[in-house]
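> turn this into a model:
(one chain, ligands or ions: 2)
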Amino acid sequence: MLEFIQLLKQRYQAVLGDLPTRSYVNDAVKTSYQRRIDQLLLVEAFIRKGQLIAASEQPVLHIAVVGPTQAGKSSLSNLLLNSHVAGVSPLAGYTVHAQGFCNGISIDDCNGLQRYFGRFQQLPQNQLSKDRHDCYALTENTTDSALLPSCVLWDTPDFDSIDSTTYREGVIRAMALADVIILVVSKEKYADQSVWDIMAALEQLQQPTLICLNKVVEGSETILLKSLQDKWRQARADSFPEVVPLYYQKPGGQPEWPEAKRQLLKAVAHKVNLNQHAVLEQALLKKHWQSWLEPVLAEHQMLNDWLELVDLMMQQAMENYRRDYLNHPHHYETFQLAMTELLNLMEIPGLARILSGARKMLTWPVRQVMKLGRKRLHISSSSYELALLNQIAEHTLIQLTDKLLDKAEQSQYSQWWRQVNSGLRAQRQALLQDFDAAAKHYHLSFQQDVESAAHRLYHKLQEQPMVLNSLRATRATADAAVIALTLQMGGIGLHDLVIAPAMLSVTSLLAESAVGSYMHKVEAELKQNQFNTVKQALFVEILREKLLLVPGQLSMNGHFNISPDQLRAAELQLTEKRHGLRLL
Ligand SMILES: Nc1nc2c(ncn2[C@@H]2O[C@H](COP(=O)(O)OP(=O)(O)OP(=O)(O)O)[C@@H](O)[C@H]2O)c(=O)[nH]1
Ligand SMILES: [Mg+2]
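Ligands and ions are numbered 1, 2, ... in the order given. Down below sits the predicted model:
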């Protein structure tokens, strides 16, 4: 699951990083993507926290001091630690790294922390640099604290200053690590939306929480408390935590911990329950799962729409092919070609003389190859079918472009459709060339089927010597045979066949003869076979397959590119039994 969350987070970051250049993407999308990245960072860290707990024999208690800039987090950390280890400054956004201070424990007790922080490097506090944010510090505090239990107290950066986006991940990691949260707010900042967004985001982690209301003037806390409570209730459903008011000291002063609350933090620490972690982790994942995957699922839907669109176009293309070629009375040349083969086989008297000269000179195999080679080249170049197929392919791509533009206009994810369209435009030429090459190949190899149709007819005719002889005897057949020969020699084009009256009359002679119904059967089978071959070899294997690859070749950054299989595997992990509990 951790890997999937990381992948999803990286994809969100890449997609978001790709957005600014596109003016039509509204800010709401950016904001919601940023929020999801924060949620993913939080859940990623929370899963790592689970691993840390599982790997520790005696888990260390972690307390994080969080809050908006200048609220007094570092000042409060010092107060709690009874020291001056945390840097305090009137400059906003002063603390930019998570800094842990070991109280009552040693750094050695914190093994596994580096693993928790992953790519963040642990450095001595004095080596932290403002220029580098992917690090944190861990320091042993030597002064005794009367307020804290044994723990690591984390002073954290703010999450609301302008620069905070650059070091936000450190804050999130510290927050997910924390068993106890101390929220520090000053009276100026407690109502800020950023504070309550964070508090809402942490609700699922169910950390015992304390609110420190800093810089308050004595006597004003009752009104503030009421308002604070309202804010909490708007953000979270769990009970309102204890609030510790820290009164404003004269300039340069420090917050002061109330005497009556000296044991408070130790009491809060007792409420920590690490056994709940796995359950909370699942609940957190479940809470956001649908919203995180919304654009991923939308992409899957679009891929599916694309598939359906391509299939529809292929279907239309095949309908056009059937209407304009296979079923077209003037253009269907393939069967006529079979008829010319038949005429060849019939060895029409009179023609033998013309042919025999050439035949005698060549032995059969060479003769056959010569004949086929020359004929096939010639047949391809003059084929109406080939020209039509290329025209249909071109028309299909034009129609696809139109449909893509429609989709881009209607869809919430217009960018995806636009990019598919430019991908298609970029590949158009190559697609048509591949199609043309495949069409030529089909056309040549289909001559075998044409010849076998001719042979079937010829065998049938041999069973009917009367028909065969009367055919041989007609003038029309002799004329047609001459046309057939002329075709083979390259004297006429294929398309001339279908309008040659002699060819037509041979066809109708046969149709009316005893082999008429057989001839229709052969023709129908040839057509069906041809339809299937063209569909498979050209439209399915070439055009459709290449079109379906177009979305996968889009620039990675603008898209999630998480496959349905990857998603399924992750969802399986989400629903599988863990620790004997089935949550989903
Ligand atoms: N007078 C007075 N000043 C305080 C008190 N608490 C904090 N300050 C001042 O407020 C300023 C900010 O305090 P910090 O503790 O650095 O605040 P922070 O929340 O850590 O701020 P960042 O690190 O920038 O996020 C400093 O100048 C402190 O001296 C207080 O109780 N009284
Ligand atoms: Mg600070």
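
> tell me the domain ranges of the protein?
Domain ranges of the chain: 1-55, 57-272, 291-357+371-554+561-567, per automatic domain parsing.

> can you give me the end-to-end distance of the first one?
For domain 1-55, the first and last residues are 18 Å from each other (CA to CA, to the nearest Å).

> what does the protein put close to ligand 1?
Residues of the chain lying close to ligand 1 (CB under 6 Å from any ligand atom) are 67, 69-75, 88-90, 92-95, 158, 214-215, 246, 248-249, 251, 253-255. In this view, the C-beta of every residue, glycine as well, is placed from N, C-alpha and C.

> just the buried ones from those?
67, 69-75, 88, 93-95, 158, 214-215, 246, 248, 255 (16 or more other CB atoms under 10 Å).

> of those, list those near ligand 2.
Checking those against ligand 2 by CB under 5 Å from the ion, the ones in range are 73-74, 94-95.

> how about the closest residue to ligand 1 within the stretch 201-350 of the chain: what's its closest non-neighbour residue?
Residue of the stretch 201-350 of the chain nearest ligand 1, by CB to the nearest ligand atom: Pro255 (3.7 Å). Using CB to CB, 6 or more residues apart in numbering and skipping the chain neighbours, the partner closest in space to Pro255 is Leu246 (3.9 Å).

> what does this structure put close to ligand 2?
73-74, 94-95.

> list the contacts of Trp154.
62-65, 98-101, 174, 177-178 (CB atoms under 8 Å, 6 or more residues apart in numbering).

> check contacts around Cys110.
Per CB under 8 Å, 6+ apart, neighbours of Cys110: 60, 100, 102, 138, 152.

> so the last one bridges to which residues?
The residues paired with Val152 through beta bridges, assigned by DSSP bridges, are His62, Cys102.

> could you give the number of residues near it?
Val152 has 29 neighbouring residues, counting by other CB atoms under 10 Å.

> cool, and the fourth one?
A count of nearby residues for Leu138, using other CB under 10 Å, gives 20.

> mind putting the domains of the chain into CSV with mean pLDDT and distance to Leu280?
CSV is the format used below for these (pLDDT from 0 to 100; distance: least, CB to CB, whole Å):
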stretch, mean pLDDT, distance to Leu280
domain 1-55, 88, 8
domain 57-272, 92, 6
domain 291-357+371-554+561-567, 87, 17
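
> tabulate those in CSV, adding columns for distance to Ala283.
CSV is the format used below for these (distance: least, CB to CB, whole Å):
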stretch, distance to Ala283
domain 1-55, 11
domain 57-272, 6
domain 291-357+371-554+561-567, 15
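
> residue contacts, Gly219?
No contacts exist for Gly219 under CB under 8 Å, 6+ apart.

> among the ones next to ligand 2 among the buried ones among the residues of the chain next to ligand 1, which lie within helices?
73-74 (DSSP state H).

> farthest pair in the ones next to ligand 2 among the buried ones among the residues of the chain next to ligand 1?
Taking CB to CB, the two most distant members of these are Lys73 and Tyr94; they sit 9.6 Å apart.

> coming back round to it: just checking, the residue nearest to Pro255 touches Leu76?
Yes. Counting by CB atoms under 8 Å, Leu246 does reach Leu76; the two are 7.2 Å apart.

> shared neighbours, the two?
Joint contacts of Leu246 and Leu76 (CB under 8 Å, 6+ apart) are 212, 214, 255.

> okay, those in TSV with secondary structure next?
Below are the shared contacts of Leu246 and Leu76 laid out as TSV (DSSP: H, G, I helix; E, B strand; the rest coil):
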residue	secondary structure
Cys212	strand
Asn214	strand
Pro255	coil
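
> ok, of the residues you listed, which one's closest to Lys271?
The nearest one, if we look at these relative to Lys271 and count by CB to CB, is Cys212, at 17.1 Å.

> what distance do you get for Gly19 to Gln412?
In this structure residue 19 is Leu, not Gly. 14 Å (CB to CB, to the nearest Å).

> the two: which has the busier surroundings?
Here Leu19 and Gln412 are compared on neighbour count by other CB under 10 Å; more neighbours surround Leu19, at 17 against 9.

> pretty sure the more buried one contacts Thr31?
No. In this structure, Leu19 is not within contact of Thr31 by CB under 8 Å, at 11.0 Å.

> picking that back up, so the residue nearest to Pro255: helix, strand or coil?
Going by three-state DSSP: Leu246 is strand.

> hey, where'd the strands end up in the chain?
62-66, 99-103, 121-123, 135-140, 151-155, 180-186, 209-216, 242-247 (DSSP state E).

> could these go into a markdown table alongside distance to Leu293?
Formatted as a markdown table, the strands of the chain follow (distance: least, CB to CB, whole Å):
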| stretch | distance to Leu293 |
| --- | --- |
| strand 62-66 | 29 |
| strand 99-103 | 34 |
| strand 121-123 | 32 |
| strand 135-140 | 31 |
| strand 151-155 | 32 |
| strand 180-186 | 28 |
| strand 209-216 | 30 |
| strand 242-247 | 38 |
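
> so which of those comes closest to Ala473?
Among the strands of the chain, strand 121-123 sits nearest to Ala473 (CB to CB), with 99.2 Å.

> ok, the closest one: who's next to it in the sheet?
When DSSP bridges is applied, strand 121-123 pairs with strand 135-140 (parallel).

> using CSV, write down the CA coordinates of the partner strand.
Presented in CSV, the C-alpha positions along strand 135-140 are these (Å, rounded to 0.1, in the frame of the first residue of the first chain):
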residue,chain,number,x,y,z
CYS,A,135,16.3,17.1,6.7
TYR,A,136,15.4,17.1,10.4
ALA,A,137,17.4,17.4,13.6
LEU,A,138,17.4,15.2,16.7
THR,A,139,19.1,16.6,19.8
GLU,A,140,19.4,15.3,23.3
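
> please state the offset of it from the chain centre?
39 Å (CA atoms, centre = their mean, to the nearest Å).

> and for stretch 546-555?
So, by CA atoms, centre = their mean, the centroid of stretch 546-555 is 11 Å from its chain's centroid.

> and stretch 34-44, by the same measure?
19 Å.

> report the distance from the lengthiest helix in the chain to the chain centre.
Longest helix of the chain, by residue count under DSSP H: helix 277-321. Mean C-alpha position of helix 277-321 versus that of the full chain (CA atoms, centre = their mean) differs by 8 Å.

> then stretch 501-517?
So, by CA atoms, centre = their mean, the centroid of stretch 501-517 is 58 Å from its chain's centroid.

> now it: buried residues?
So, applying 16+ other CB under 10 Å, buried residues of stretch 501-517: 502-507, 509-510, 513, 515.

> quick one: which of those is nearest Val272?
Thr507 (92.7 Å).

> ligand 2 versus the closest one, what's the distance?
According to CB to the ion, to the nearest Å, Thr507 stands 95 Å off from ligand 2.

> cool, Leu547 as well?
Distance from Leu547 to ligand 2, by CB to the ion: 57 Å.

> do Ala201 as well
21 Å.

> burial of that residue, as a residue count?
Ala201: 20 neighbours (other CB under 10 Å).

> which residue packs closest to it, ignoring adjacent ones?
Ala201 sits nearest to Leu42 (CB to CB, 6+ apart), 6.2 Å away.

> same deal with Ala393?
Closest to Ala393 by CB to CB, 6+ apart is Phe435, at 4.6 Å.

> residues contacting that neighbour?
Contacts of Phe435 by CB under 8 Å, 6+ apart are 389-390, 393, 538, 542-543.

> type out the PyMOL command that picks the buried ones from those.
To isolate the buried ones among the contacts of Phe435 in PyMOL, judged by 16+ other CB under 10 Å, type:
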select buried, resi 389+393+538+542+543
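
> would you list the contacts of Phe435 in CSV and tack on distance to Arg262?
Output for the contacts of Phe435, formatted as CSV (distance: CB to CB, whole Å):
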residue, distance to Arg262
Leu389, 89
Asn390, 88
Ala393, 83
Leu538, 84
Ile542, 80
Leu543, 78
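
> great, nothing more from me.
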